[in-house]
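A.B. asks: got a predicted structure here, sequence first:
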Amino acid sequence: MAETIVFQSLPARPAPTKTEGLVPWAKANLFANWQSTITTFIVGGVLLYFVPQFLNWAILTATTVPNADACRAPGVGACWGVITEKYRLIIFGRYPLEEQWRPLVATLMLLALLIASCTRAFWNKWLLVMWAVVISVFFALMYGNVLGLTKVTTDRWGGLPLTIMLSSLSMVMAFPLAIGVALGRRSKLPAIRTFCTIYVELIRGVPLISVLFMASFMFPLFMPQGVTIDVLIRVFAGLTLFAAAYMAEVVRGGLQAIPKGQAEAAASLGLSYWQTQGTIILPQALALVVPSIVNNFIGLFKDTSLVGIVSLYELTGALGLALNGDADWRPFKLEGYVFITFIYFAFCFAMSRYSLWIEKQVNKSKQR
Amino acid sequence: MAEAKVAPRTPPSKRDWSWRSQAFRGLIYQILAVVLIGGVVWWLARNTSENMRVRGIKSGFDFLTAPAGFDIGESLFPFDSNDPYWKAFLIGVTNTLRVAVIGIVLTTILGTLLGVGRFSRNGLVRGLCQAYVEFFRNVPVLLQLLMWYLLFTELLPSISEAKYFFGFFISKGGLSFPNPVWAVGHLWALGGIAVGIVLAWLYRGWARRSFEATGQERSMFWVPVAIVLAVGVIGWFLGGAPSEFKFPRRGEFSVEGGGSLTPEFLAVLLGLTLYTSSFVAEIVRSGISSVAQGQGEAAQALGLSKGQEMQKVLLPQALRVIIPPVTSQFLNLTKNSSLAVAIGYPDVVSIANTALNQTGRAVECISLIMLVYLITSLSTSIFMGWYNSKSAIQER
């Protein structure tokens, strides 16, 4: 007798453990084992203690009324009133109040060009032309004395426009110099190689502040009798020389990464030294080092804060200018610092993200 | 059949003195470069001497022996305003080195912790380490120094109502801490540590030889550390175990006794350490992640423990990547300590700046600053060159 086989479905298998969503994430990342759990509680506890206090100070009990007495009232946290009261002085320095649209327009223009320079589609000859145009328009707008604009001497320039201008223009100026020095350091000619090496090592061996001191105190002595050069130009020259030495090393790193066969192939095609460098080696080398150049630029952007020490009032200096002389607002310097910290952070963070992105872009050919 | 003989082509005669010769062109370029740079330097020097003559500025380093005429807030050895300028400069250099050396030690510790923290299994730790790095490296170090200085000098209680905890006082006047009273016994302890280092070194040699002979592993880190500490403690006991401390005490108007650190020093140290750590953390992170994954897997396949894998396989390879950029960060920290001038810590730049304003000898003072930093940087880079050639991968 044949056994009757009754078809019985197997019990359903349990659903796979969830791997997405908040709870599984917390399980894997916060409470994976007992060490992790303890760490989570300790770190979380510290955060829970400090973060609410900070938020309370910065937001809940803060005031934005531009009135120093309101800030001194008991129980008031951060006094953002100092920003609403002084923001024009902090951002534009001592630039005449009614003319402040000029640095605003000029800076926006410069920023637009900087963003364009970061876009690959614009990497061609026209970019150089645009830089020349924008730089001249920038100076025309800032300095005035043309087209019915009143003249504003450079000692009144300041704040964020000065920071952006000093960093971006000295970077642009340093670029050709850096390429020349990098090529010179790899040159077969001993005299040229020695000069370039001495220049790079000398500048990289000393702090920026000594270069700025030199621009400020020694440069006037270097010039012939009767020739005086504006302090802004002198600081510019100092920053450019400084940035060029660091960038030359970055470019040299790129040059070293290009295989020798490239130059040999170019030579066998009959290209001259300059043709080889200009059409074969440099385009490849520069594409490799774009991320490092951006990082250099971030460094320079932060370093411009030092020019305050030789009495140019860029963003950090302008804050001191705005608050040090004013007894009412001086106690609220911390809020001022937080404000400009935020500005610096926003710029540098955006650029460092860009640097990461462009690094992925230039390495695309290597990815599989 | 007549052999068609082709006369061997004579090589083109070398035209040594022609524009077509690369060597000749190179020579001309070099002569041009030397003449040009020499000319610029000569022109600058002539202008400078002319300007100095017209303005009546004296030159030369003879001012270094004249009395300085200013006081210095903090120094490792006594100084008063009658002492000569060279002594002031020396104090500046020691102050720079003091903040740089302590800063480098703290930066190494904090940076390594933060860098390793990026690989933590705990998401909170990972996130915090990343937030730290992103925040501190994207804000100018000068601004951070100014902010710390502001916090120290404005938000802390005044010196007469200094906060006290565990023997420490903290106030606007800085940090006071218990200071061991110097005794001969400490010399014994130091001698003990020196002997311990020699013994530990001998032990390591023996342990390595025995490992190579028998394959038996011995601790190469904890045992030597224990030897050094033990012999140091024995030396300390032999020296009579001096354990007297000078504790800071609340005086009538200020905190007296004990050791103390000024708010300027603390602000510079804290600012530089926190800023540079963020860079070191990034370097450590990228160094560890640069070691190929197969290395760790191969180590496990050979049966190495987790600790051995890290110590013998991953770390040596990561360190090769980490050390050169970290050294340049240490140099950056040393150079950035020049920003102390902004908050009045008497480092070498700050003292040179004062001397410059008093004597007007800009060229000499700025050259001295540059010389100090150049010596530091060049000696470090020579050392690094030696280290790199030693640790480079030996290729066939």
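C.D. replies: Noted; the coordinates are in hand. Numbering: from 1, shown residues only, chains lettered A, B, ... in the order given.
A.B. asks: return the helix or strand in the chain with minimum mean pLDDT.
C.D. replies: All of this refers to chain A. One helix or strand of chain A scores below all others by mean pLDDT, DSSP states H and E: helix A:68-72, with a mean of 77.
A.B. asks: other chain: chain B
C.D. replies: Min over SSEs of chain B, mean pLDDT, DSSP H and E: strand B:255-256 (a mean of 68).
A.B. asks: quick one on the thing from earlier: other SSEs contacting the least confident helix or strand of chain A?
C.D. replies: helix A:81-92 (3 or more C-beta pairs under 8 Å, 6 or more residues apart in numbering or on different chains; DSSP states H and E). Yep, even glycine has a C-beta here, placed from its N, CA and C like the rest.
A.B. asks: now the helix or strand following the helix it packs on: mean pLDDT?
C.D. replies: For helix A:81-92, the succeeding helix or strand toward the C-terminus, using DSSP states H and E, is helix A:101-117. Averaged across helix A:101-117, pLDDT comes to 86.
A.B. asks: what ranges do the helices span in the stretch 101-250 of chain B?
C.D. replies: For the stretch 101-250 of chain B, the helices defined by DSSP state H, counting those that start in this stretch cover B:123-137, B:141-150, B:184-214, B:222-238.
A.B. asks: closest to chain A out of the ones you listed?
C.D. replies: helix B:123-137 (3.2 Å; C-beta to the nearest C-beta).
A.B. asks: pretty sure residue A:355 contacts residue A:298?
C.D. replies: Yes. Residue A:355 lies in contact with residue A:298 (C-beta atoms under 8 Å); the separation is 7.4 Å.
A.B. asks: what residues does the stretch 151-300 of chain B put near chain A?
C.D. replies: Residues of the stretch 151-300 of chain B lying near chain A by C-beta under 8 Å from any C-beta of the partner chain: B:151, B:154-155.
A.B. asks: would TSV of those residues with neighbour count and pLDDT be doable?
C.D. replies: Formatted as TSV, these follow (neighbours: other C-beta atoms under 10 Å in any protein chain shown; pLDDT from 0 to 100):
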residue	neighbour count	pLDDT
B:151	16	87
B:154	12	80
B:155	9	77
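A.B. asks: for the residues you listed, which one is nearest residue B:358?
C.D. replies: The shortest approach to residue B:358 among those belongs to residue B:154, at 29.9 Å (C-beta to C-beta).
A.B. asks: tell me the contacts of that closest one?
C.D. replies: If a contact means C-beta atoms under 8 Å, 6 or more residues apart in numbering or on different chains, then residue B:154 has A:331, A:333-334, B:172 as its contacts.
A.B. asks: go with 10 Å
C.D. replies: Contact analysis of residue B:154 by C-beta atoms under 10 Å, 6 or more residues apart in numbering or on different chains lists A:330-331, A:333-334, B:172.
A.B. asks: closest one to residue B:267 out of the residues you listed, please.
C.D. replies: residue B:172 (11.8 Å).
A.B. asks: now that closest one: how far from chain A?
C.D. replies: 14 Å (C-beta to the nearest C-beta, to the nearest Å).
A.B. asks: these two touch, right, residue B:368 and residue B:348?
C.D. replies: Yes. In this structure, residue B:368 is within contact of residue B:348 by C-beta atoms under 10 Å, at 7.8 Å.
A.B. asks: list the residues that contact both of the two?
C.D. replies: By C-beta under 10 Å, 6+ apart, the residues touching both residue B:368 and residue B:348 are A:210, B:89, B:92-93.
A.B. asks: among those residues, which ones are in helices?
C.D. replies: Applying DSSP state H to these, the entries found in helices are A:210, B:89, B:92-93.
A.B. asks: what ranges does the chain have for its strands?
C.D. replies: I'll assume chain A. A:158, A:313-314 (DSSP state E).
A.B. asks: let me rephrase: I mean chain B.
C.D. replies: So, for chain B - with DSSP E - the strands run B:163-165, B:168-171, B:174-177, B:179-180, B:245-246, B:249-250, B:255-256, B:259-261.
A.B. asks: in the last one, what counts as buried?
C.D. replies: So the one you mean is strand B:259-261. For strand B:259-261, a neighbour-count test (16 or more other C-beta atoms under 10 Å in any protein chain shown) marks residue B:260 as buried.
A.B. asks: for the residues of the stretch 151-300 of chain B next to chain A, which one is nearest residue B:188?
C.D. replies: Once C-beta to C-beta is applied, the member of these that ends up nearest residue B:188 is residue B:151, at 41.6 Å.
A.B. asks: returning to that earlier point: counting neighbours, which of the ones in helices among the shared contacts of residue B:368 and residue B:348 comes out on top?
C.D. replies: residue A:210 (28 neighbours; other C-beta atoms under 10 Å in any protein chain shown).
A.B. asks: that residue contacts residue B:349, correct?
C.D. replies: Yes. The criterion here is C-beta under 10 Å, and residue A:210 meets it with residue B:349 at 7.0 Å.
A.B. asks: common neighbours of these two, please.
C.D. replies: Common neighbours of residue A:210 and residue B:349 (C-beta under 10 Å, 6+ apart) are B:335, B:338, B:365-366, B:368-369, B:372-373.
A.B. asks: in helices only, show me those residues.
C.D. replies: Judged by DSSP H, helices contain the following of these: B:335, B:365-366, B:368-369, B:372-373.
A.B. asks: let me have those residues in CSV, extended by pLDDT and distance to residue A:253.
C.D. replies: Listed next are those as CSV, based on pLDDT from 0 to 100; distance: C-beta to C-beta, whole Å:
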residue, pLDDT, distance to residue A:253
B:335, 90, 20
B:365, 87, 35
B:366, 88, 30
B:368, 89, 32
B:369, 89, 29
B:372, 91, 28
B:373, 91, 23
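A.B. asks: need the contact list for the residue most central in space within chain B.
C.D. replies: Geometric centre of chain B, nearest residue: residue B:330, 3.8 Å, by C-alpha atoms, centre = their mean. Residues in contact with residue B:330 (C-beta under 10 Å, 6+ apart) are B:100-101, B:103-104, B:107-108, B:276, B:280, B:376, B:380.
A.B. asks: leaving out the residues flanking it, which one is nearest to the residue in the stretch 51-200 of chain A that chain B sits nearest to?
C.D. replies: Nearest to chain B in the stretch 51-200 of chain A, going by C-beta to the nearest C-beta, is residue A:191, at a distance of 3.9 Å. Distance criterion C-beta to C-beta, 6 or more residues apart in numbering or on different chains; nearest residue to residue A:191, sequence neighbours excluded, is residue B:30 at 3.9 Å.
A.B. asks: again, but for residue B:387
C.D. replies: Nearest one to residue B:387, counting by C-beta to C-beta, 6+ apart, is residue B:323 at 7.0 Å.
A.B. asks: contacts only, for that neighbour.
C.D. replies: Neighbouring residues of residue B:323 by C-beta under 10 Å, 6+ apart: B:283, B:287, B:384, B:387-388, B:391.
A.B. asks: likewise residue A:60?
C.D. replies: A:52, A:77-78.
A.B. asks: before I go, just wanted to say thanks for your time.
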